[in-house]
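Student: next one to model:
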Amino acid sequence: MSDERRAPFANQKYLSVESYRKTGAPIATPVWFAEDEGVIYIYSLSTAGKVKRIRNNPRVRIAPCDIRGRITGQWVEAEARILGGAEDENAHRVLNRKYGWIKRLGNFFSRLRGRENVTIAIRLL
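Tutor: Alright, predicted model coming up:
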């Protein structure tokens, strides 16, 4: 991802991911994210609606936002892909580096409750 395309997301904690229902209706969700080598990584519970929507349709839009999901920049077309294996491990490393102990604590409680997380790679179109 070029510096120009990456600029709106630099120094941001949250981005809004807009995924689409089967009807085409958009649903925007604020999420933590981290970027590495042009790929934006997010993570979520495997049972979350956004994961189901991305499995059905990888087309998404993303925009920088605040913690409440208020958009602070322009929407950008992108494509999302659910990760596994080594890619999943790398995504968690990148996210852990950015969010530190807060994310690790969340991971601990997710495992304790038996919740499965998935990581998602997003590439701008």
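
Student: can you pull the contacts of R81?
Tutor: Contact partners of R81, counting by Cβ atoms under 8 Å, 6 or more residues apart in numbering, are I54, P58, I120, A121, I122, R123. Quick note: C-beta positions are derived from backbone N, CA and C, even for glycine.

Student: now, those residues that are in strands?
Tutor: Taking DSSP state E as the definition of strands, the contacts of R81 contribute I120, A121, I122, R123.

Student: between those, which is closest to F9?
Tutor: Using Cβ to Cβ, I122 is the member of these that lies nearest F9, at 10.3 Å.

Student: and the closest one, what's its pLDDT?
Tutor: Per-residue pLDDT puts I122 at 97.

Student: the residue nearest to it when sequence neighbours are not counted - how many residues pack around it?
Tutor: Sequence neighbours aside, I40 is the residue nearest to I122 in space, at 4.2 Å (criterion: Cβ to Cβ, 6 or more residues apart in numbering). Under the neighbour criterion other Cβ atoms under 10 Å, I40 is assigned a count of 25.

Student: next one: N57
Tutor: 14.

Student: residues of the helix or strand containing R104 that come out buried?
Tutor: Secondary structure from DSSP states H and E places R104 in helix 85-112. Judged by neighbour count (16 or more other Cβ atoms under 10 Å), helix 85-112 contains these buried residues: D88, N90, A91, H92, V94, L95, Y99, K103, N107.
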